[in-house]
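Asks: Pasting the sequence and the predicted model now:
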Amino acid sequence: VGSEMCIRDRLFTGARGGWLDRVSVDLEALRYPGELVHLERLFEDAHFRTAYVQSARDRALRTTSKNLDAQVGINATELHPTLMPLPFRALEHVVQKLGFQGKVRLWVHNAENLSAFVTEDSGVVTVHFSSGLLEALDEQELQIVIAHEIGHVLFGHQELAMRVQGTNMSEATQAEYFALRRHQELSTDRVGMLVSDKPESAFLVQAMLKTGIRKRELFGETSAIVAHAKEEVANLRKRTLTDRMLDTHPYLSIRTVALDAFASSQLLRDLRAHGKCTAPEEAFLELSRFLEVPVAKVSSDDAEAAKRMFLALAALQLAEADGSTSAREARNMALLDPAIAPVLHEVLAWSHARRHVEILSRSRAVRRSFSVPEREQLMVKLLGVVRSDNVVMYAESDRFVQLGGLLDIDTPTFQKLVDKLYKSSRF
């Protein structure tokens, strides 16, 4: 177990060889919060840990230059500054902005599509472009793509992918792994925006790569792209995402909204000004609900377990909404369900980021398994936690409404309950 945890910790802090130590920017602060939550979940799976630890590391991770040349064949060419200076100017800019200490090679593949990927061998990073992408993007846009791809190596994504390649995962573990990969893309999207001379170009680059459209004039202004993405995300709340369970990349709208939140964040301002984060990030975790593992068919036992977990997580959110947890709140949390005590003990050890992601997952299971009246009764139970101190704060009422939204409760009786709660609330 010690060696397993050591390996996991190395992935938490970057790839093998200390990749994050090779940059001067605090890239770990850029990692999207949900990514670490899913990595932690994966390593809780004993089969996954065993497969990871026992994988033939050197054979799985090492793709020698000779092997790489054989794989890409005659349809790929390694670029040199004298042959094609523009992508190397973009690379030099990225290396300087990140303070990256390492060797980076650039290859172009003879393909019309707009695509890029990254490989790593013996400490050498290789960024691969399609010829269509090189023809379509300008220097500032290439900065975004190069930084995004190098980010996958810096964060340890490349090592994890190679380590689990060919692993026989269960359906649940596989879904968890692909949810992790969707979060990884949001992490590396941030790296691209951080280093670019024109960070607003990140929105256009995402749209071009997703649609394959090269003509910039066909796209609207950045504000229009973001506004459309927000509308799309709002519509996602009404749709099931089960068919996207094995997607490696999030919806374009989700990536756009996540970038928009990052563009106006204190985190980005701190990293640009100081190279590090001066305060903990207020995580943009609302989007995690669309990156999570979709809920499949749930057995009655699983449904009851999901209900208890939801109650425990929701009760903690309500108890902590006013900044402290009283003895009465703790007592009323224990009364929510006869079997809730061990669940509360478990979730208290989780980070706030994990609690947030887990409650999104459990709320979907509850919505799938219980009727609206049954879900409404759960919220009535939680009302006891809110009123534990006989003084209801507006923050507690707001959180109560948010939890009701997670369970998709919009009945007249619930609305009356909420109205009454707000009338008795204080600042």
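Replies: That came through fine. Residues are numbered from 1 along each chain as shown.

Asks: any idea which helix or strand carries the residue positioned nearest the centre of the chain?
Replies: Computing the C-alpha centroid of the chain and ranking residues by Cα atoms, centre = their mean puts residue 183 first, at 2.6 Å. When secondary structure is defined using DSSP states H and E, the element that contains residue 183 is helix 171-195.

Asks: How much space separates residue 199 from residue 229?
Replies: Separation of residue 199 from residue 229 (Cβ to Cβ, to the nearest Å) stands at 16 Å. In this view, the C-beta of every residue, glycine as well, is placed from N, C-alpha and C.

Asks: more neighbours, these two?
Replies: Legend: neighbour count by other Cβ atoms under 10 Å for residue 199 and residue 229, higher for residue 229 (23 against 20).

Asks: what are the phi and psi values for the more buried one?
Replies: The phi and psi torsions at residue 229 (degrees, to the nearest 10) take the values phi -60, psi -40.

Asks: Identify the residue spatially nearest to it, adjacent ones excluded.
Replies: In space, residue 229 comes closest to residue 256 once its chain neighbours are excluded; the distance is 3.6 Å by Cβ to Cβ, 6 or more residues apart in numbering.

Asks: And for residue 302, the neighbour number?
Replies: Applying other Cβ under 10 Å, we find 14 residues neighbouring residue 302.

Asks: okay, now the closest residue to residue 103 other than its chain neighbours: neighbour count?
Replies: Here the nearest residue to residue 103 in space, its sequence neighbours aside, is residue 124; by Cβ to Cβ, 6+ apart that works out to 4.8 Å. The number of residues packed near residue 124 is 12, by other Cβ under 10 Å.

Asks: Phi and psi next, for residue 124.
Replies: As for residue 124, its main-chain torsions (degrees, to the nearest 10) stand at phi -100, psi 120.

Asks: Pretty sure it sits against residue 105.
Replies: Yes: Residue 124 is within contact range of residue 105, at 6.3 Å (criterion: Cβ atoms under 8 Å).

Asks: Now name the helix or strand holding residue 379.
Replies: Applying DSSP H and E, one finds residue 379 within helix 372-386.

Asks: just residue 108 next, same as before
Replies: Using DSSP H and E, the element containing residue 108 is strand 103-109.

Asks: Now do that strand: which elements does it pack against?
Replies: The elements that strand 103-109 packs onto, with contact taken as 3 or more Cβ pairs under 8 Å, 6 or more residues apart in numbering; DSSP states H and E, are strand 76-78, helix 85-98, strand 124-130, helix 131-136.

Asks: Of all those, which one is nearest residue 270?
Replies: Distances from residue 270 to each of the helices and strands packed on strand 103-109 were compared using Cβ to Cβ; the minimum, 14.9 Å, belongs to helix 85-98.

Asks: Would you mark the buried spots in the closest one?
Replies: Of the residues in helix 85-98, those with enough neighbours to count as buried (16 or more other Cβ atoms under 10 Å) are 87-88, 90-91, 93-95, 97-98.

Asks: who does it touch, helix- and strand-wise?
Replies: Taking 3+ Cβ pairs under 8 Å, 6+ apart as contact, the helices and strands that helix 85-98 lies on are strand 103-109, helix 139-154, helix 171-195.

Asks: I'd like a version of the ones you listed in a markdown table, one that adds mean pLDDT and distance to residue 218 as further columns.
Replies: Conversion of the helices and strands packed on helix 85-98 to a markdown table gives the following (pLDDT from 0 to 100; distance: least, Cβ to Cβ, whole Å):
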| stretch | mean pLDDT | distance to residue 218 |
| --- | --- | --- |
| strand 103-109 | 94 | 25 |
| helix 139-154 | 95 | 15 |
| helix 171-195 | 87 | 22 |
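
Asks: Once you drop chain neighbours, what's closest to residue 307?
Replies: For residue 307, the closest residue by Cβ to Cβ, 6+ apart turns out to be residue 366, at 5.7 Å.

Asks: Any idea how many residues pack against that neighbour?
Replies: 25.

Asks: Same check on residue 123?
Replies: Using other Cβ under 10 Å, residue 123 has 12 other residues around it.

Asks: Let me see the backbone angles for it.
Replies: Residue 123 has phi and psi values of phi 90, psi 0 when expressed as degrees, to the nearest 10.

Asks: Residue 104 is in contact with that one, correct?
Replies: No: because the distance of 10.7 Å does not satisfy Cβ under 8 Å, residue 123 is recorded as not touching residue 104.
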